[in-house]
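*Asks:* What would the 3D arrangement of this be:
(2 chains)
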Amino acid sequence: MAALEEGFTLSAVCLGAGPDGLLGVEQSDKTDQFLVTDSGRTVILYKVSDQKPLGSWSVKQGQIITCPAVCNFQTGEYVVVHDSKVLRIWNNEDVNLDKVFKATLSAEVYRIHSIQGTEPLVLFKEGAVRGLEALLAEPQQKIETVISDEEVIKWTKVFMVFRHPVLIFITEKCGNYFAYVQMFNSNILSKYTLLLGQEEKSIIQSFTASVDRKFISLMSLTSDGCIYETLIPIRPNDPEKNQRVVRSLLLKAVVSGNARNGVTLTVLDQDHVAVLGPPLPASKECLAIWNTKFQTLQASKELPQGTSGQLWYYGENLFMLHGKFLTIIPYKCEVSSLAGALGKLKHSQDLGTHAMPHFVNWETSQGCGLGFQDSEPSKRILRRRKIEVSVEPEHPASKQLLSTVKKDSEKHIEVEVRKFLAVKRTPDFQIVTGDIVTGLVGRCRAEPSFYPRSALMQLIQTHVLSYSLCPALMEVALEKTDVQMLQLCLQQFPDVPESVICTCLKIFLSIGDDSLQETDINMESVSNYSDTVQDEKMEEQTEIVQNGFSPEEDNRGQGESQAAAEEAASCPVIPKRAALLNAILHSAYSETFLLPHLKDIPAQHITLFLQYLYFLYLKCSENATMTLPGIHPPTLNQIMDWICLLLDANFTVVVMIPEAKRLLLSLYKFVKSQICICSELNKIEVSFRELQKLNQEKNNRELYSIEVLELF
Amino acid sequence: MDAFGGPIWSMAASPSGSQLLVGCEDGSVKLFQITPDKIQFERNFDRQKSRILSLSWRPSGTHIAAGSIDYISVFDVKSGSAIHKMLVDRQYMGVSKRKCIIWGVAFLSDGTVISVDSAGKVQFWDSATGTLVKNHLIANADVQSIAVSDQEDSFVVGTAEGTVFHFQLVSVTSNSSEKQWVRTKPFQHHTHDVRAVAHSPTALISGGTDTHLVIRPLMEKVEVKNYDAALRKITFPHRRLISCSKKKQLLLFQFAHHLELWQLGSTVATGKNGDTLPLSKDADHLLHLKTKGPENIICSCISPCGSWIAYSTASRFFLYRLSYERDNISLQRVSKMPAFLRSALQILFSEDSAKLFVASNQGSLHIIRLLEGSFKHLHTFQPQSGTVESMCLLAVSPDGNWLAASGTSAGVHVYNVKNLKLHCTVPAYNFPVTALAIAPSTNNLVIAHSDQQVFEYSIPDKQYTEWSRTIQKQGFHHLWLQRDTPITHISFHLKRPMHILLHDAYMFCIIDKSLPLPNDKTLLYNPLPPKNESDVIRRRTAHAFKISKIYKPLLFMDLLDERTLVAVERPLDDIIAQLPPPIKKKKFGT
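*Replies:* The predicted structure is shown next:
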């Protein structure tokens, strides 16, 4: 959510700003330092966090700065133009602008652009552009005329696209606007005529632009108070031809058109623009942040002392002239979401849909992005979609399968899926598989009797699916309490959300033993504990004594713990349930997200699960390597983490249940005995260290010693 | 010869070698003429404000650069006047230090002066205009030394942080003729200040407070990847600092400014291999002899009987008579040393302690007969006419008939002590001799050279022995030749004439001449073969070189008697603990 913070004025010193305001605010090579050029003779370097000027330079009386000072990021020097043609370059140490480097150019300069990663670019009033280095090498070089006589440059901006600067400038001629895009890597200048559409009469008051990979999005604020967007391709299809671009309405009547000081807009990020101007004809001037995606006003701030109708945006700060003072308003914007825009409506599917882009390449997938398309029928989207559809290679097999999925019988689908999986994997295999699963699950939803289980199982086992790709799949499986499918999903999906893990856990714990027996569950993570338990029971007891401590030191608890130990020695759950629970133990989670869901599990299930975990732990500690037997068993860390998590989430509940009391006591005893072991081990370590020291001393020769040495 | 300018801080010989510049405490730069027989004062250059710490000649010999405190002066040699004074920025990490000391300057033939200073800067100056061309801040502490290669395409500087930086003149872009000095490689082989650096055609050599001499080969100059391409660290001087009185079981340790005499301890116990025996009598520190004056001790020796100690500093020779009365020890200096015994490079007593051999730094060898409490000059072997080389290693045969002396490059001379004549000269070898010894009974002279070759030369026969020829024919084991440190001492077993005991800093070796020589395929360092192996295998694997690395770093090892070896280890940790602390460097997390 975008927000404006409390602003502050940069200095008490009144700037020599005329009625036209400032010439410009530009970034310096150090963050937090900005060059402010007033429309008279002065350039001031401000440090924003300190709210004070670091340096100030003026040109001589009679000279006038005509172009805002910029910083050359490659050298750290500052560049300014005065009297349209005289270039001055200086740095922080210089005091007097008269004595610094001077170059007189042969043509009038409109603007100097300087951005990170490239040398400064000089834009002349006639539309020609030069790099600063090339210009300084030969200041008097001939500057060609690019634009026609009556055209006047209105606005300009430079971007870095693929590490090459791209400069755009807008000219006006008799109410017609033209955009020129100059690319520096290929040195192509392309001209576009801006078609104004129906609102022919309106005058464009302010421009701003942002860039993405293919288009420059040029926004214009017109005198009727509306914001229009024009998309100008960066790479022209035909640079020779004069091309036309149309504009589309982006926001309606955000400011009053006939403001006294003019209105201005600045694009902040892909969804937000800042507009400076009075919202109504009579009202005071106002800084407003608009979300263009949802067409909502995000924040606004009244500026009662009036502004010069100028606005600059760098980093997180908005710069404007408020009254006579340069004011800075910090601006913060978090990533906007539909929920945020609509007033924080929580939607259960948010999690899944947001995660999707990580797995699907939108550029090549065809059936996606529908919501976006519906909400905003912009030309851009349509145009792009058309291109992409034509680019998308035909894939009849998968298409056919998709149609099969929509109507055929389960049996037929299974056969088709098997065929599909048998053929060689194409690059879009993942997407097609996702589409098929989505199709299948969609049909499951529509027809309650339809549940192509084996086909889905096969698809899951391709290892290409993830929860985000088909969130509904697990939902359907949960509805049908298909534990086998859920186990498979937990094993295969890397990104099962914690809430779903928890729901699975609930089902795994609550499902009846008899219904479990009928299912076919992958048991590889469970080895047959019961046999070993009986055999090793006695050994276990003696082993503990051998470790140098006895957990039964505390005589009061002896009977109980003995019973608990016996109880824990046999597995509290049947092997099939154990396999399901192991799948839970193996799945990845984040504690903070899991904890709240764990609280929802009934207490007796928690107790059961804890008993199982405790049993696993005892099994673990039986052998020296602290591992469980079997293929892919849960690790000790997983067991411990889950015990801690369960106790953290449900301690108050568990402590009240009589059945759990014995378990908790034995857990407590166990922990205590572990601490005991640790302290004993510490003692042993100290003794060993002493031994080692003794050993070292033996090797360490004294200042003088006599040794026996058998040489040969 | 006094320069009359207070302490001399710097010196530089002219490229032609005929002139010498000295920089003095009072700020004067004095030019001396060097002739084969003397050094003559020629003239003073313009006096500077403070001491001259560094000097450098322009290779053409027309100008010199002198580094002082806070500035560098460039003098015209012809007129002797300072033509430029280049002030050095005192700024040190943004803080103005009191003084900026120019520790080193180097004058290149194109007129560039490179200076290194106490603010951690390496600066390039244009001597024609006196302006700073380039500045490299390379250290947070002093940059103390600089050395330029002969081609003037690279130089090396050493800092007080123990780092050595290599600078090279490289093209700005490939195949462009414009070149630029670039800091290419930092090396950190020292823990303390690097006081001196040298630039050989193929290696950077640095040395400093941490007592190491490090030779770092320049890999781009090394054509064959052989042992010369390895980094070498040399810790100890390649000289004997300890002498031993076998009869009295005494060890004399030579320090920079004092001598220590120790009585070895003894034991009555016996044990098996590897045992440390309990001492019945501990080693006893008998004597601590301090030198007078600031001069370092150059050499020292104790007589085999233990009743004479001789040592020499740069200008004085001292001889002491020791007398033992039960537990008391009394020391009496022998006075009225003759004038020719001003200083010595090597001192040696004959086996019967009746004669003293002194190698003086003028190249002559003096033989002195020692009597009870007095002495008599017997003879002086004058150096070969035309050579000015002084002898630095001496060896005397146990029967007292032969004296071998070796200089740094010419061959080993063998003198007959009986008739005081030069007996023969062992042919000169390319590498300097590092140790000499004459075997008892056979009078074979064993010579170890710095390239790890060992020769055996029969003095009576005036030729190399058969064994020496065999080993030269077959060649030494490659691992033997690749050892880092030279042999510093050779001794013999009285009862086993086939054995030669020699040692370097990291091993000692008994060469059994009766056994076959190892070839490159056999294991050189074979530990004691296990007892349970059959005799055949033991015999097959046995070879002439029995090497033990049990004691290291080994400073001295000698046979005391038939069954006793004395070995002196000098742990590096002890040396480092005694060094002044290095520049404190902030390490992460401390």
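*Asks:* Stretch A:632-640: which residues count as buried?
*Replies:* For stretch A:632-640, a neighbour-count test (16 or more other C-beta atoms under 10 Å in any protein chain shown) marks A:633-634, A:636, A:638-639 as buried. C-beta here means a position set from N, CA and C on the backbone, and glycine is covered the same way.
*Asks:* Select from those every entry located in strands.
*Replies:* If you go by DSSP state E, the buried residues of stretch A:632-640 have nothing in strands.
*Asks:* Looking at those, which is nearest chain B?
*Replies:* A:Leu636 (31.6 Å; C-beta to the nearest C-beta).
*Asks:* looking at it, that closest one is touching A:Lys619, isn't it?
*Replies:* No - using C-beta atoms under 8 Å, A:Leu636 makes no contact with A:Lys619, being 10.0 Å away.
*Asks:* Take the buried residues of stretch A:632-640 and lay them out in CSV including pLDDT and distance to chain B.
*Replies:* Output for those, formatted as CSV (pLDDT from 0 to 100; distance: C-beta to the nearest C-beta, whole Å):
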residue, pLDDT, distance to chain B
A:Pro633, 84, 39
A:Pro634, 86, 37
A:Leu636, 85, 32
A:Gln638, 87, 33
A:Ile639, 88, 35
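*Asks:* Just the buried positions in the host helix or strand of A:Lys419, please.
*Replies:* Using DSSP states H and E, A:Lys419 sits in helix A:410-422. Within helix A:410-422, the residues scored as buried using 16+ other C-beta under 10 Å are A:410, A:413-414, A:416-417, A:420.
*Asks:* so what's A:Pro236 up against?
*Replies:* By C-beta atoms under 8 Å, 6 or more residues apart in numbering or on different chains, the residues touching A:Pro236 are A:181, A:188, A:190, A:243.
*Asks:* List the ones among those residues that fall in strands.
*Replies:* Among the contacts of A:Pro236, the ones falling in strands (DSSP E) are A:181, A:188, A:190, A:243.
*Asks:* from the residues you listed, which would you call buried?
*Replies:* So, by 16+ other C-beta under 10 Å, the buried ones in these are A:181, A:190, A:243.
*Asks:* Can you tell me which of those is nearest B:Gln382?
*Replies:* A:Val181 (95.3 Å; C-beta to C-beta).
*Asks:* Take the contacts of A:Pro236 and write them to a markdown table, including pLDDT and distance to A:Val653.
*Replies:* As requested, the contacts of A:Pro236 are exported to a markdown table (pLDDT from 0 to 100; distance: C-beta to C-beta, whole Å):
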| residue | pLDDT | distance to A:Val653 |
| --- | --- | --- |
| A:Val181 | 86 | 66 |
| A:Ile188 | 79 | 71 |
| A:Ser190 | 84 | 70 |
| A:Gln243 | 78 | 70 |
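*Asks:* Give me the neighbour count for A:Lys85.
*Replies:* Residues near A:Lys85, counting by other C-beta atoms under 10 Å in any protein chain shown, number 16.
*Asks:* and it, what does it touch?
*Replies:* For A:Lys85, the contacting residues are A:104-109, by C-beta under 8 Å, 6+ apart.
*Asks:* now the closest residue to it other than its chain neighbours: how far from A:Phe184?
*Replies:* In this structure, A:Lys85 finds its nearest non-sequential neighbour in A:Leu105, 4.9 Å apart by C-beta to C-beta, 6 or more residues apart in numbering or on different chains. Per C-beta to C-beta, to the nearest Å, A:Leu105 is found 19 Å from A:Phe184.
*Asks:* mind listing what the residue nearest to B:Met11 when sequence neighbours are not counted touches?
*Replies:* Counting by C-beta to C-beta, 6+ apart, B:Met11 lies nearest to B:Val22, which is 5.1 Å off, once chain neighbours are set aside. B:Val22 makes contact with B:3, B:5, B:8, B:10-11, B:29-30, B:32, B:55, according to C-beta under 8 Å, 6+ apart.
*Asks:* Output these in CSV, with neighbour count appended to each entry.
*Replies:* Compiled in CSV, those are given as follows (neighbours: other C-beta atoms under 10 Å in any protein chain shown):
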residue, neighbour count
B:Ala3, 19
B:Gly5, 20
B:Ile8, 15
B:Ser10, 21
B:Met11, 13
B:Val29, 26
B:Lys30, 19
B:Phe32, 21
B:Leu55, 23
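*Asks:* sorry, back to before: so which of the contacts of A:Lys85 belong to strands?
*Replies:* Of the positions in those, A:104, A:109 sit in strands, assigned by DSSP E.
*Asks:* so which of the contacts of A:Lys85 is the most crowded?
*Replies:* Highest neighbour count within these: A:Val109, with 23 neighbours (other C-beta under 10 Å).
*Asks:* So what's the residue count around the closest residue to that residue other than its chain neighbours?
*Replies:* Closest residue to A:Val109 apart from its sequence neighbours, by C-beta to C-beta, 6+ apart: A:Val81 at 4.6 Å. When counting by other C-beta under 10 Å, one arrives at 24 neighbours for A:Val81.
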